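K.L.:
pasting the sequence and the predicted coordinates here, then a few questions.
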Amino acid sequence: MDNVIPITSPRDDRVFIRVKSGHFVTANAHINYYVGTSDIKHNHTVSNDAAMLLAEYYVTRGIEVDSVLCLYETQALGAYLAHELSRPTMMSPNPDPNIYVLGPEYDVQGNIIFRDNLQRMIRNKKVLVLISCITSGKTVEQAIESIGYYGGRVVGISAAFSAARKIAGIEVNSIFTAEDLPGYKVYEAKDCPLCRSGVPVYAIANGYGYSKL
């Protein structure tokens, strides 16, 4: 990636994202920065340290978690996060050691479904939704709805980066926010000033990465 800027977390300089400015299109919005979280998702050391940062939010607040639903290839991060949440600490001396970590399956309409053998990991469970990046929040809203259909209750939302502070009334726990990216903007497609100014779209982006046009 050309012209990429690494940004480290002030809480742990071993945890970082890579950002690139430009005109990017997601499924639900236009954005002027692409936020790369590949190292947090796929680098063992970075992912483990990131999980510690995310876990602190739930441990200090006494929020119990039964299952972690991992969106966009965050299963490794989710496993480390579950490990941290199930580890006894001074704040949580007797946590539940059995935390499920699972990924989504989508039907042809794009709805999240859970097969019969996995529904027990959602039904009547306190679920944490984990995602790499949040821009508009619509993907997380969809996940929250799906979890509700199967009888689960979302008790937390965590992300490596989030432009949203709250989704469906739930505070977003993220390592990086829009404040870490000076001038970061999220636009609806119909109101995108980059489009109106004739700035070409550089790439199509989603939680897996981006594809140049």
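P.N.:
That came through, no problem.
K.L.:
skipping adjacent residues, who's closest to residue 118 in space?
P.N.:
Nearest non-adjacent residue to residue 118, counting by Cβ to Cβ, 6 or more residues apart in numbering: residue 102, 6.0 Å away. From N, CA and C alone the C-beta is placed, and that goes for glycine too.
K.L.:
for my notes, confirm residue 51 occurs in a helix.
P.N.:
Yes: counting by DSSP: H, G, I helix; E, B strand; the rest coil, residue 51 is located in a helix.
K.L.:
measure the closest residue to it other than its chain neighbours to residue 27 for me?
P.N.:
Counting by Cβ to Cβ, 6+ apart, residue 51 lies nearest to residue 80, which is 3.5 Å off, once chain neighbours are set aside. Using Cβ to Cβ, to the nearest Å, residue 80 is found at 27 Å from residue 27.
K.L.:
got it, and residue 115?
P.N.:
24 Å.
K.L.:
and the two? Which one has more around it.
P.N.:
residue 27 (13 against 7; other Cβ atoms under 10 Å).
K.L.:
residue 7 reaches residue 180, doesn't it?
P.N.:
Yes: in this structure residue 7 lies within contact range of residue 180 using Cβ atoms under 8 Å: 5.7 Å.
K.L.:
what pairs with the spatially most central residue of the chain across the strands?
P.N.:
Nearest to the geometric centre of the chain sits residue 131, at 2.0 Å (Cα atoms, centre = their mean). Beta bridges link residue 131 to residue 159, judged by DSSP bridges.
K.L.:
please look at it and residue 69 and confirm they touch.
P.N.:
No: under the criterion of Cβ under 8 Å, residue 131 makes no contact with residue 69, lying 9.0 Å away.
K.L.:
intersection of neighbour lists for the two?
P.N.:
Contact criterion Cβ atoms under 8 Å, 6 or more residues apart in numbering; residues shared by residue 131 and residue 69: residue 143.
K.L.:
how about the strands of this structure, start to end?
P.N.:
Secondary structure of the chain by DSSP state E: the strands cover 5-9, 12-25, 30-36, 67-70, 100-102, 105-106, 112-113, 126-134, 153-162, 166-167, 170-177, 186-187, 203-206, 209-212.
K.L.:
turn the ones you listed into TSV, columns for distance to residue 89.
P.N.:
Formatted as TSV, these follow (distance: least, Cβ to Cβ, whole Å):
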stretch	distance to residue 89
strand 5-9	20
strand 12-25	17
strand 30-36	30
strand 67-70	18
strand 100-102	19
strand 105-106	33
strand 112-113	31
strand 126-134	17
strand 153-162	17
strand 166-167	26
strand 170-177	17
strand 186-187	36
strand 203-206	35
strand 209-212	35
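K.L.:
quick one, which of the ones you listed is nearest to residue 195?
P.N.:
Closest of these to residue 195 is strand 30-36, at 6.9 Å (criterion: Cβ to Cβ).
K.L.:
give me the residue ranges of this protein where confidence is low.
P.N.:
Applying pLDDT under 70 to the chain flags residues 1-2, 90, 93-94.
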